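[1] sequence and predicted structure below; questions after.
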Amino acid sequence: MSQPRFMIFQLFMRSSRVQKKRAVLTIAAIAWGTLALLLLLAFGEGLGISLQDAWAGMGTDIAVIWPGETTKPWKGLPAGRPIRPRIDDIQTLRLRVPGLIGISGEITSWRTTLTYGEKTVTGRVKGVSTVWGQLRNQIPVSGGRFLNPLDDAQRRRVIFLGTAVAEDIFGSEDPVGKTLLVDQVPYTVIGVMIEKMQFGAYSGMDADHAIIPIRTFYAQYGRDRLGNIVLKTENPAQMKAKLAEVAAVLSSKYGFDPQDERVLGTWDTVESGTIQNNILLGIKIFLSVIGVLTLTVGGIGVANIMYAVVKERTREIGVKMALGARSHWITGPIVLEGLTYTLLGGVLGLVMATGLILLMSLLPTGDNMALKALGKPTLSPAIAATAAGVLGIIGLLAGYFPARRAASVDPAETLRYE
Amino acid sequence: MTAKNPSQPNGAVIHMDGIRKVYDTGKVKVEALRGVDLEVQDGEFVAIIGPSGSGKSTLMNLIGCLDTPTGGTYRLSGELVAGLRKEQLAAIRNRRVGFVFQNFNLLPQITSYENVEMPLLFGGISRRKRRQRVEELLDRVGLGERMHHKPTELSGGQMQRVAVARALAMNPDILLADEPTGNLDSSSGGDIMELFQELWEGGRTMLVITHDAALARRAPRQVEIRDGLVVRDNTNGSTDLMSDSIVDRPID
């Protein structure tokens, strides 16, 4: 005797049908739950992407060092000495610490007058090395450029403007090629930074600053003590080791305990990036839990309808048992039915979610940071897989428990005439 | 065709020895059967009679392997039905027992054809053989024309005939009928009785539980149950002293 194939499916097709209205309501509940889950996950994903962009706005996997004072005596020298590396130390560090993508010093002139024609504003001007632009994600609007090595070597008076500064001074005019007075000294504008999202900042937002070559800065202001050092390693995992090497080099030159953490204040974005990612993961898990709970309510609806189905079909089940149906031929079709409602609802939810997300992506966010940060909800394959998995599990459970009740039907009891 | 002679058995289909059944409802224990001995030979036609509450339905459930006894031994076609798991009982019901119920118990949403096919499906019979068997059976009960009608489109008598065809589908060792004429008018009931008679004459082992004196009289052997015990077992109309039963005078 060969087992007929697709027995459970055949039996499923021959089961009595549920009331349409009830089935529709149940499917709607599942669709709603799926929609909620997908939208929450999509918002989580979109938020993650925006946050990552925004954090990357300051630069990815960089470290920022700001020199401070010693807090420990070192080789006969007292505590409390300020340590201020100079512009030339960057060259030393470049040679002595291998494995860096780049390292740049940074000196800031905080209240600088910038004058163009009749217009004068007070702004922040920084002297940096060429590589700083790459480290700190300073991308020029097309038609302009960032500093290049010749600018620095020849101490050219060229200036690169943040978005807000450029707009403040030039309005709708194209600043590139125009001459701008920096504390009464003429500079040529070589580029304007593109608009970008930026969450991380240590001395104001990039949109608000103006950048000049660090040697030009020294030539104009006579200051060569660095306010900050920015660096990026070839391998982000090496950041801690490289920071220690930098500290060792500077310690031998300036005489401080390399273990003295207060001398070189450090912001390691590799480390803080991990923390941010964990927070983001926490948010995503929170959103998923809400979504899964919503979907679970729909699943309970399916379980409910299947319990009712089992109750309605008690006699049918008893008859089948009397005719020799095995347990899984009783339970299989019920599980299949529960799964069918769940998956139908799931597909419906997916269609609605896709539609809504498409609609939302058409909405303009304008300059609203909150809207930008909420980002564009994004449906990724991972989200689809998660939703499908959750739906599958809920569907199986919603069918399993009613099916178990069906399997426990006592045919002798059921078939007793009324 | 002649009926098999029960005095020359070619094997006991049912062999019950000291069967007890206790229903434990938690608070009270109800002893439905208190030691029933019963032997039914192949080809016999037995009517089980008794007032309601006598335990005859319980006996029917045990014979049909819908339930298992609390005590005693039961062999169905030589196979010991004790300590068997649900799945094994299901397989036995499928192969060895054909049920006919008072209220037909056809599945209402599928056709006569599909109803009769159901046990064959459970029995793992191939599609081709299933069709052949179902058509043959429905022809046999005179419903070949109504094969694709649903039960709701049939009369009571027709429904019961579909049920008989379904009971015969797997060619069981025994056909077990519980008040098969209870829900039928006298004419349809007569047809079913006629059908049973023919089946028996064709060699089928028949066991009918009934209040219907006329149907009981058709059976050469009546077993009367009362208070969970067999109180009378007369073969071929032999008179019995305890005969105060509903079947007053079985016809020879």
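    In hand now; what should we look at? What you see is a predicted model; the values in this text were computed from it and never measured. Numbers count the residues shown, from 1 in each chain, chains lettered A, B, ... in the order given.

[2] going by C-alpha atoms from here, please, whenever you check contacts or count neighbours.
    OK.

[3] for A:L391, see how far away the residue nearest to A:M58 when sequence neighbours are not counted is.
    Among residues not flanking A:M58 along the chain, A:R136 sits closest, at 5.3 Å (Cα to Cα, 6 or more residues apart in numbering or on different chains). A:R136 sits 44 Å away from A:L391, going by Cα to Cα, to the nearest Å.

[4] quick one: which of the two has more around it?
    Using other Cα atoms under 10 Å in any protein chain shown as the criterion, A:R136 and A:L391 rank with A:L391 on top: 26 against 19.

[5] okay, that one: pLDDT?
    Looking at A:L391, its pLDDT stands at 90.

[6] for residue 176, give me its contacts.
    Went with chain A since none was named. When contacts are counted by Cα atoms under 8 Å, 6 or more residues apart in numbering or on different chains, A:V176 touches A:G143, A:G144, A:T188, A:V189, A:I190, A:G191, A:V192.

[7] other chain: chain B
    B:M60, B:G64, B:V97, B:G98, B:F99, B:V100, B:M206, B:L207, B:V208, B:I209.

[8] likewise for A:I62?
    A:I62 neighbours (Cα under 8 Å, 6+ apart): A:L135, A:V230, A:L231, A:K232, A:T233, A:D268, A:T269, A:V270.

[9] distance of it from A:L243?
    11 Å.

[10] again, but for A:G48
    28 Å.

[11] got it, and B:M206?
    95 Å.

[12] so how many other residues sit close to B:I14?
    Neighbours of B:I14 under the rule other Cα under 10 Å: 20.

[13] so it bridges to which residues?
    Listed by DSSP bridges, the beta-bridge partners for B:I14 are B:V40, B:L76.

[14] only C-alpha atoms, please: export whatever helix or strand B:Y113 lives in in PDB.
    B:Y113 is located in helix B:112-122, with elements delineated by DSSP states H and E. What follows is helix B:112-122, C-alpha atoms only, in PDB (Å, rounded to 0.1, in the frame of the first residue of the first chain):
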ATOM      1  CA  SER B 112     -21.000  10.700  -1.400                       C
ATOM      2  CA  TYR B 113     -18.100   9.600  -3.500                       C
ATOM      3  CA  GLU B 114     -15.600  11.500  -1.300                       C
ATOM      4  CA  ASN B 115     -17.300  10.200   1.900                       C
ATOM      5  CA  VAL B 116     -16.900   6.600   0.800                       C
ATOM      6  CA  GLU B 117     -13.300   7.300  -0.400                       C
ATOM      7  CA  MET B 118     -12.300   8.700   3.000                       C
ATOM      8  CA  PRO B 119     -11.400   5.300   4.700                       C
ATOM      9  CA  LEU B 120      -9.500   4.300   1.500                       C
ATOM     10  CA  LEU B 121      -7.600   7.500   1.700                       C
ATOM     11  CA  PHE B 122      -6.700   6.800   5.300                       C
END
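
[15] show me what the helix or strand that comes right after that helix is packed against.
    Next in sequence after helix B:112-122, counting helices and strands by DSSP H and E, comes helix B:127-140. On a contact count with 3 or more Cα pairs under 8 Å, 6 or more residues apart in numbering or on different chains; DSSP states H and E, helix B:127-140 meets helix B:112-122, helix B:156-168.

[16] and the contacts of the last one?
    Same thing as helix B:156-168. So helix B:156-168 is contacted by B:97-101, B:104-106, B:112, B:115-119, B:134, B:137-138, B:140-141, B:143, B:151, B:175, B:180, B:183-184, B:188-189, B:191-192 (Cα under 8 Å, 6+ apart).

[17] that helix to helix B:127-140, inter-axis angle?
    140 degrees (axes from the mean of the first three to the mean of the last three Cα atoms, to 10 degrees).

[18] and the direction of helix B:156-168 versus that of helix B:112-122, what angle?
    Using the same axes, to 10 degrees: helix B:156-168 against helix B:112-122 is 20 degrees.

[19] chain center to helix B:156-168: distance?
    Computed by Cα atoms, centre = their mean, to the nearest Å, the chain-centroid distance of helix B:156-168 equals 13 Å.
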